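>>> Give me a 3D structure for the following:
(4 chains)
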Protein chains: 2
Amino acid sequence: MAVDQRRSPSSSERKRDPERTRALLLEAAAAEFGAKGYAATRTTDIAARAGVNKQLISYYFGGKEGLYKELATAWHTEGTTMASTEQPLAEVIKAFVMTTAHNRDQGRLWAWANLSGDTPTVDAEFLRGQVEFFRTRQKSGEIPADLDPSLLLLVLMAAAAAPLTLEQTARQLTGEDPATPEFAEKYADQLALLVRHLSGRS
Amino acid sequence: MAVDQRRSPSSSERKRDPERTRALLLEAAAAEFGAKGYAATRTTDIAARAGVNKQLISYYFGGKEGLYKELATAWHTEGTTMASTEQPLAEVIKAFVMTTAHNRDQGRLWAWANLSGDTPTVDAEFLRGQVEFFRTRQKSGEIPADLDPSLLLLVLMAAAAAPLTLEQTARQLTGEDPATPEFAEKYADQLALLVRHLSGRS
DNA sequence: GACTTAATCAACCAAGCGGTTGAAACTCGG
DNA sequence: CCGAGTTTCAACCGCTTGGTTGATTAAGTC
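Presented below is the predicted three-dimensional model:
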């Protein structure tokens, strides 16, 4: 998996560059799939956005579906950073919201996948870990004892992703654009505040 | 809107029946669109599920898109029942969750529409009313003063719809099937509990 | 019971789709 | 600087799609 460090001629300005092409396609595909969902996305659009010939999708990923799967399973690695057990829960949630706010494409992809129910969407191991994490918090009194940790986690994930999954409704509701960093910041703060309210008064 | 009560021969077993055909198509379309989303849905599948010729989609709704729009805008009327200002907030939320749990097709349709961002998804008037409703609750102390009513509403809507929008993740998280009535019941209770925790101790 | 109108259907069609093909263009070891 | 192998591309292809067409059948009218 190490970066194929061959003696590339000034690495940046070559005509042929598999690594770069792959990366361009993946990036473009994330944007397109994220925006329209799998079914509505046209391979032509992906190629155009990547500035690359459409055939290369087949060449590198074995077709549209292969490209999609590569992206759908890539989500796992990202999120794992969330499990930092040190900070207070409110901060963790806030960080989580900000993460989804940055990788919007990935996040939307995850939302599409969840709806269409084709892929596992998230690594099961990761989720198990997070639930365990919540259970610990609960024991230490940071989370009310009468809430089911896994359901609470579900609620918080849904809430964190709301500016993505319910973008339309969010816009109607607030009158602002849920895609801006300012909105993300404000929203993250509010969610943190809400979580703090859960753990008895702040 | 009254049921066109013409002297129909035993109303149920006739060969030609526009009203019934329309209704069959709408129902089938809601199921198909809800399950796969607009782009992935085939008009053939809708017709087949309705037990009707595919051409009738064009005949009655002017095509696939017309059928979709008819459904996408129909969501408004349903939800309006939520605004009953009498019961405690926790109960209102619970009722809302149960509503989405029943009309799963409609709910999923709403989720798809939100993601793809093509339709307004919900009547703006309705949303405004709900926010106002929350603001009132806040004044009466039922909701912490430092939470923005519209954002809190967004959070709760996202949470309520989580078993639909994050069905996949919900399944991984709990090990149960989020589509069952039992799950809905349990989940609704948990959300109500959570809301109660927000309004100071229960 | 003939006639008009509305409802339904099977067959057909053009457009758009993802994928394949075969050759050109680049890279690089020798 | 040459030849083998990799990477890229334009053109093409078969299939699926949503929609249309024109005929057929049921319902309502007088």
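
>>> switch to C-alpha atoms for all contacts and neighbour counts from now on
Will do.

>>> quick one, what contacts residue A:190?
By CA atoms under 8 Å, 6 or more residues apart in numbering or on different chains, the contact list for residue A:190 reads B:147-148, B:151.

>>> Which residue is the nearest non-sequential neighbour of the spatially most central residue of chain A?
With distances taken as CA atoms, centre = their mean, residue A:107 lies nearest the centre of chain A, 3.1 Å away. Leaving aside its chain neighbours, residue A:107 sits nearest to residue A:100 (5.8 Å; criterion: CA to CA, 6 or more residues apart in numbering or on different chains).

>>> tell me the contacts of that neighbour?
Residue A:100 makes contacts with A:106-107, A:160-161, as judged by CA under 8 Å, 6+ apart.

>>> Tell me the one among the residues you listed nearest to residue B:195.
residue A:160 (16.7 Å; CA to CA).

>>> Quick check: the residue nearest to the centre of chain A touching residue A:164?
Yes: the criterion here is CA atoms under 8 Å, and residue A:107 meets it with residue A:164 at 7.1 Å.

>>> Need the overlap of contacts for these two.
With CA under 8 Å, 6+ apart, residue A:107 and residue A:164 have common neighbours residue A:101.

>>> returning to that earlier point: out of the contacts of residue A:100, what pair is the most spread apart?
By the measure CA to CA, A:106 and A:160 form the most distant pair in the contacts of residue A:100, at 13.9 Å.

>>> so how far is stretch A:176-185 from its chain's centroid?
When distances are taken as CA atoms, centre = their mean, to the nearest Å, stretch A:176-185 is centred 16 Å away from the chain's centroid.

>>> out of the contacts of residue A:100, which touch DNA strand C?
For DNA strand C, no contacts are drawn from the contacts of residue A:100 by CA under 7 Å from any atom of the strand.

>>> quick one: which of the residues you listed sit in helices?
Under the assignment DSSP state H, the contacts of residue A:100 contribute A:106-107, A:160-161 to helices.

>>> Let me have the residues you listed in CSV, adding pLDDT and distance to residue B:125 as columns.
Supplementary listing: the ones in helices among the contacts of residue A:100 in CSV, determined by pLDDT from 0 to 100; distance: CA to CA, whole Å:
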residue, pLDDT, distance to residue B:125
A:106, 93, 32
A:107, 94, 29
A:160, 97, 25
A:161, 97, 24
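
>>> Tell me the one of these nearest DNA strand D?
Nearest to DNA strand D among the ones in helices among the contacts of residue A:100: residue A:106, at 23.7 Å, using CA to the nearest atom of the strand.

>>> Could you report the neighbour count for the closest one?
Residue neighbour count, defined by other CA atoms under 10 Å in any protein chain shown, stands at 22 for residue A:106.

>>> pretty sure it contacts residue A:34?
Yes: the criterion here is CA under 8 Å, and residue A:106 meets it with residue A:34 at 6.7 Å.

>>> which element is the residue nearest to residue A:107 on?
For residue A:100, the element it lies in under DSSP states H and E is helix A:89-102.

>>> tell me the domain boundaries of chain A?
Domain assignment for chain A, taken from automatic domain parsing, gives A:18-70, A:75-198.

>>> what comes up buried for stretch A:134-154?
Neighbour-count burial for stretch A:134-154 flags A:134-135, A:137-138, A:142-144, A:147-154 (criterion: 16 or more other CA atoms under 10 Å in any protein chain shown).

>>> and those residues, which two are the farthest apart?
Farthest pair in the buried residues of stretch A:134-154 (CA to CA) is A:142 and A:154. Separation: 17.2 Å.

>>> Who are the contact partners of residue A:104?
Counting by CA under 8 Å, 6+ apart, residue A:104 touches A:34, A:164.

>>> For residue A:36, give me the pLDDT.
With respect to pLDDT, residue A:36 scores 97.

>>> and it, how far is that from residue A:105?
10 Å (CA to CA, to the nearest Å).

>>> try residue A:67
Distance, residue A:67 to residue A:105, by CA to CA: 15 Å.

>>> Give the residue spans of chain A that score low on pLDDT.
Filtered on pLDDT under 70, chain A yields the residue ranges A:1-15, A:76-85, A:201-202.

>>> The same query, at a cut-off of 80, please.
The model of chain A has pLDDT under 80 over residues A:1-16, A:74-86, A:120-121, A:200-202.

>>> Can you say which of the domains of chain A is packed in most?
Greatest average neighbour count among the domains of chain A goes to domain A:75-198 (a mean of 19), per mean count of other CA atoms under 10 Å in any protein chain shown.

>>> ends of that domain, how far apart?
Terminal-residue distance, domain A:75-198 (CA to CA): 29 Å.

>>> picking that back up, and which of the contacts of residue A:100 is nearest to DNA strand C?
Using CA to the nearest atom of the strand, the contacts of residue A:100 come closest to DNA strand C at residue A:106, 19.1 Å.

>>> got a list of what the closest one touches?
Contacts of residue A:106 by CA under 8 Å, 6+ apart are A:30, A:34, A:75, A:100.

>>> Let's have these in CSV, adding secondary structure.
Converted to CSV, the contacts of residue A:106 look like this (DSSP: H, G, I helix; E, B strand; the rest coil):
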residue, secondary structure
A:30, helix
A:34, helix
A:75, helix
A:100, helix
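
>>> coming back round to it: if I pick the residue nearest to the centre of chain A, what's in contact with it?
Residues near residue A:107 by CA under 8 Å, 6+ apart: A:34, A:100-101, A:161, A:164.

>>> 10 Å - rerun?
A:30, A:34, A:75, A:99-101, A:113, A:161, A:164-165 (CA atoms under 10 Å, 6 or more residues apart in numbering or on different chains).
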